[in-house]
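Chemist: Attaching a predicted model along with its sequence, questions to come.
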Amino acid sequence: MKSILLVLVGVLLLLTFAVVAHAEPLGYPWSTWGEISQTLGDTDIDQGFKLDGYVEQGVDWTKLGAFTLNTFVGLRGTVSDHSSEYWNNKWGPWVGLKMKLDGKPFSSQSWSNLAIGVRWEYVDYFQGHNDTDSRGVVFLQWGLGGDWKK
């Protein structure tokens, strides 16, 4: 699996450098999301307060058919009030490359996105666990939204 991931990363990086050398960026898309939550009831896991969110900044380099070649960096963090739940007390950056397909599938009042890519993530568990982790991730992401009334 590691060798497949390394080959995929190598091919994507070569493609990126070849395109970037001849292209002016098409755009600088960014995205962010976050959530503050409080678990209710008598539970032994994921108790109490939690703040979770991320921010991502990308560069759209060129169109390849219906897809857009994008490189990006991001930062994610999760904080809870329970140090024993190390998975809810972490932060870390990531960097990656993806092919995006954006569109309006149903009407002008809706939006969608689809992307396939690869990213490297670093995670620092900073409460109770005091450990770090890094990994390569191949992903398929999607989003769809709109307004049923319009």
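Modeler: Noted; the coordinates are in hand.

Chemist: any weak-confidence spans in the protein?
Modeler: 1-23, 103-110, 128-129, 150 (pLDDT under 70).

Chemist: roughly how far is stretch 58-78 from the heart of the chain?
Modeler: 10 Å (Cα atoms, centre = their mean, to the nearest Å).

Chemist: just stretch 45-58 next, same as before
Modeler: The answer for stretch 45-58 is 13 Å, by Cα atoms, centre = their mean.

Chemist: Tell me which residues of it come out buried.
Modeler: Within stretch 45-58, the residues that qualify as buried are 47, 50, 52, 54, 56, 58, counting by 16 or more other Cβ atoms under 10 Å. Every residue, glycine included, has its C-beta placed from N, CA and C.

Chemist: Report the separation between residue 53 and residue 91.
Modeler: Computed as Cβ to Cβ, to the nearest Å, the residue 53 to residue 91 distance reads 10 Å.

Chemist: now do residue 38
Modeler: Distance, residue 38 to residue 91, by Cβ to Cβ: 21 Å.

Chemist: burial count for the closest residue in space to residue 123 that isn't next to it in sequence?
Modeler: Closest residue to residue 123 apart from its sequence neighbours, by Cβ to Cβ, 6 or more residues apart in numbering: residue 92 at 4.1 Å. Neighbour count of residue 92, defined by other Cβ atoms under 10 Å: 19.

Chemist: Could you report the distance from the residue lying farthest from the centre of the chain to residue 85?
Modeler: Going by Cα atoms, centre = their mean, the residue of the chain most distant from its centre is residue 42, 32.3 Å out. Distance from residue 42 to residue 85, counting by Cβ to Cβ: 16 Å.

Chemist: what do you get for residue 55?
Modeler: Residue 55 is 23 Å from residue 85, where distance means Cβ to Cβ.
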